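Q: Pasting the sequence and the predicted model now:
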Amino acid sequence: MERDALALLWSAIAAGLSMGGLPCWRREFFTSNWRGSREVFLLENLGYTFGFIIVIMARQQLFTENTVTAVLPVMHNPTLGNVGLLMRLWSVVLAGNLIGTAVAAWAFNYMPIFDEPTRQAFVSIAEDVMKNSPTEMFANAIISGWLVATMVWMFPVAGAAKIVVIILMTGLSPSADTTHIVVGSVEILYLVFNGNLPSEPLYLAVRPADPRREISVAGPSSSHC
């Protein structure tokens, strides 16, 4: 909690890139190339799991992963100073994570990395996320947060099986189609950069799409966890 803010920010940006890049790319890649295959559902979730492995093993700062243990000092000694340190940690890490996901989404959209079927898979999956109501997103996020918190609490007794715990616990979240603030951000920001979601005002990027209004898949010429 007392770590230098700049160090926290850079670590959080790295975590945003790790979680925003690999999980989203793997999902869209498998969806576009093996659509309709029974195995694709399991394969596309590997990117989500690999993202968590990178973040945790590299000790990068991920908002949903470090929020659990950071609460303990506040619960043990709920002083104004500790609460302030906790708010500082959360705000810096969340901001860094979102910066990382924004960079990943920008790169996916503007750099010539993917073919057209993969780009269309990005748009399709991101639009599916936006079909959820705020209540549905919030309820799904509770489940996702509980899974991540449970994983963190299991680490002290996991020993050499730490990676197995990460794979099992993080694999449940995409399998249950729950929402995740970091992975979901890169999906929605991709729509913003692609032109399929208004960016002014920016809060529309996190507001569910109006079911009465069809979102056009055809965006401007350009190159989603």
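A: Sure thing, it's come through. Numbers count the residues shown, from 1 in each chain.

Q: need the helix or strand of the protein with the lowest average pLDDT.
A: Across the helices and strands of the chain, mean pLDDT, DSSP states H and E gives its lowest value to helix 40-44, namely a mean of 60.

Q: need the next SSE after that one, C-terminal direction.
A: Following helix 40-44 in sequence order, the next helix or strand is helix 46-57 (DSSP states H and E).

Q: Show residues contacting the very next helix or strand once past that next one.
A: Counting by DSSP H and E, the next helix or strand C-terminal to helix 46-57 is helix 63-76. Helix 63-76 is contacted by residues 1, 12, 52, 55-56, 82-83, 85-86, 89-90, 93-94, 97, 144-145, 148-149, 152-153, 180-182 when judged by Cβ atoms under 8 Å, 6 or more residues apart in numbering. The way it works is simple: take the backbone N, C-alpha and C, and place the C-beta from them, glycine included.

Q: Out of those residues, which end up buried?
A: Buried members of the contacts of helix 63-76, counted by 16 or more other Cβ atoms under 10 Å: 1, 12, 52, 55-56, 82, 85-86, 89-90, 93-94, 97, 144-145, 148-149, 152, 180-182.

Q: Figure out the helix or strand that Trp146 lives in.
A: Here Trp146 is assigned to helix 134-158, by DSSP H and E.

Q: Run the angle between that helix and helix 46-57 for me.
A: Orientation check (axes from the mean of the first three to the mean of the last three Cα atoms, to 10 degrees): helix 134-158 against helix 46-57 gives 50 degrees.

Q: Distance from the chain centre to helix 134-158, please.
A: With Cα atoms, centre = their mean, to the nearest Å as the basis, helix 134-158 stands 13 Å off its chain's centre.

Q: Not counting it itself, show me its contacts.
A: Outside helix 134-158, the residues touching it (Cβ under 8 Å, 6+ apart) are 64-65, 68-69, 132, 162, 164-166, 169-170, 172-173, 176-181, 207-208.

Q: which ones among those are found in helices?
A: Among these, the members found in helices (DSSP state H) are 64-65, 68-69, 162, 164-166, 169-170, 172-173, 181.

Q: now for the top helix by length along the chain, which elements pack on it?
A: Criterion DSSP H: the longest helix present in the chain is helix 80-110. Under the contact criterion of 3 or more Cβ pairs under 8 Å, 6 or more residues apart in numbering; DSSP states H and E, helix 80-110 touches helix 5-33, helix 63-76, helix 181-194.
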